[in-house]
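Engineer: 3D model of this:
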Amino acid sequence: MNRIYQGRVSKVQRLAPITEGGKPPKARGSKPEHWEDWPGGEEALWEHHALFQDAVNYYLVALLACASKPENPLFDIRQRVASDDQEYQIWTPFRRRGTNRNGLRESVAKYLTPGNSTPSWAEAMHAVLGKDGAEATVVDAAVCELLAICDGTGAIRDQGRWM
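Structural biologist: You can find the predicted model right below:
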């Protein structure tokens, strides 16, 4: 799992419960006394981070599965991940910069292929596209459109509303 932010957590707090008969303040959470330390909060924060990273990996794999035509900008990445070239191999556990990494498979298999914790790359691609297999031309065109419109120059939330 990659760190997606800088910094170190020194403590985790949560909103303190409202006392019985008490009324919630209008600006609840704006004052230090509205908060309390959360025992076990760091573990909950880490679990949330891991789940978020799994979601990012899931959507990455889903986008790569949809790239079936060589003209698609993601096609080359999909081919590299599927290859046996150790430089690009990230599906199964691998080693980079002196550190062992779990690989995408460990992150997404529990969601894509429940009951099969070690699917092949091809099995994962099949799981994303479904049993019937969505028509490759249509799915590929949709991903190309998404990449063309959401190109990083504007917020995806702004582009996504009309798509």
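
Engineer: just so I have it, where are all the strands in the protein?
Structural biologist: Under the criterion DSSP state E, the chain carries strands at the ranges 13-15, 35-37, 94-96, 99-101.

Engineer: Check which helices and strands the third one sits against.
Structural biologist: With contacts defined as 3 or more C-beta pairs under 8 Å, 6 or more residues apart in numbering; DSSP states H and E, the secondary structure elements packing on strand 94-96 are strand 99-101. Glycine gets a C-beta too; all of them are placed from N, C-alpha and C.

Engineer: helices and strands around the strand it packs on, which ones?
Structural biologist: Based on contacts counted as 3+ C-beta pairs under 8 Å, 6+ apart, the elements that strand 99-101 packs against are strand 94-96.

Engineer: got a list of contacts for the strand it packs on?
Structural biologist: Among residues not part of strand 94-96, those counted as contacts by C-beta atoms under 8 Å, 6 or more residues apart in numbering are 86, 100-101, 103.

Engineer: What is the most widely separated pair among those residues?
Structural biologist: When these are compared pair by pair using C-beta to C-beta, the farthest-apart members prove to be 86 and 100, with a separation of 13.5 Å.

Engineer: before we move on, the earlier item: and the contacts of strand 94-96, which of them are buried?
Structural biologist: Burial by neighbour count, judged by 16 or more other C-beta atoms under 10 Å, picks out residue 103 from the contacts of strand 94-96.
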